[in-house]
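In: Turn this into a structure:
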Amino acid sequence: MKIILAEDNDILRKSLSFFLESKGFTVDQFSDGKDALDAIEANHYDLILTDINMPGISGMEITQYVRQNINSNVPIIILTSSGVEQTELDSFDIGANEFIAKPVSPAVLLVRINKLLNTRV
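Out: Residues are numbered from 1 along each chain as shown. Predicted coordinates:
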């Protein structure tokens, strides 16, 4: 299974990538939203994992673009340090499948990823 991870925090991105790869996933990492979106357009991913606030293009913009312009139903998990309820609601409104507040528990993330990937039709 191939995951794209868009996260501008180097330590979090590298640690999540290492964890996911240790669980058998292939992970493409990006610290910039624009670079991540370019990769999404050029490649097939089984899951998109994106931070909300990033340089270039935000995770919300990536989600909206994937749903509206690419018309893809690939599962999307949004990560954020924002504790604002409206941000979570907005994420679901534009098509995110999951919303995880930071700090991210790798074990919880893995359960949510597996749930999304195992329930895909």
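
In: From here on, just use CA atoms for contacts and neighbour counts.
Out: Noted.

In: Which pLDDT value goes with the residue nearest the centre of the chain?
Out: By C-alpha atoms, centre = their mean, the chain has its centre lying nearest to Leu49, at 1.4 Å. The pLDDT attached to Leu49 in the predicted structure is 98.

In: The nearest residue to Asn9 once chain neighbours are set aside: how many residues sit nearby?
Out: Of all residues beyond its chain neighbours, the one nearest Asn9 is Ser31 (7.2 Å), with distances taken as C-alpha to C-alpha, 6 or more residues apart in numbering. The number of residues packed near Ser31 is 19, by other C-alpha atoms under 10 Å.

In: Please state the backbone phi and psi of Ser31?
Out: The phi and psi values for Ser31, taken as degrees, to the nearest 10, are phi -100, psi 0.

In: what helices or strands is the host helix or strand of Phe18 leaning on?
Out: Element membership for Phe18 (DSSP states H and E) is helix 10-22. Under the contact definition 3 or more C-alpha pairs under 8 Å, 6 or more residues apart in numbering; DSSP states H and E, helix 10-22 sits against strand 2-6, strand 26-30, helix 106-118.
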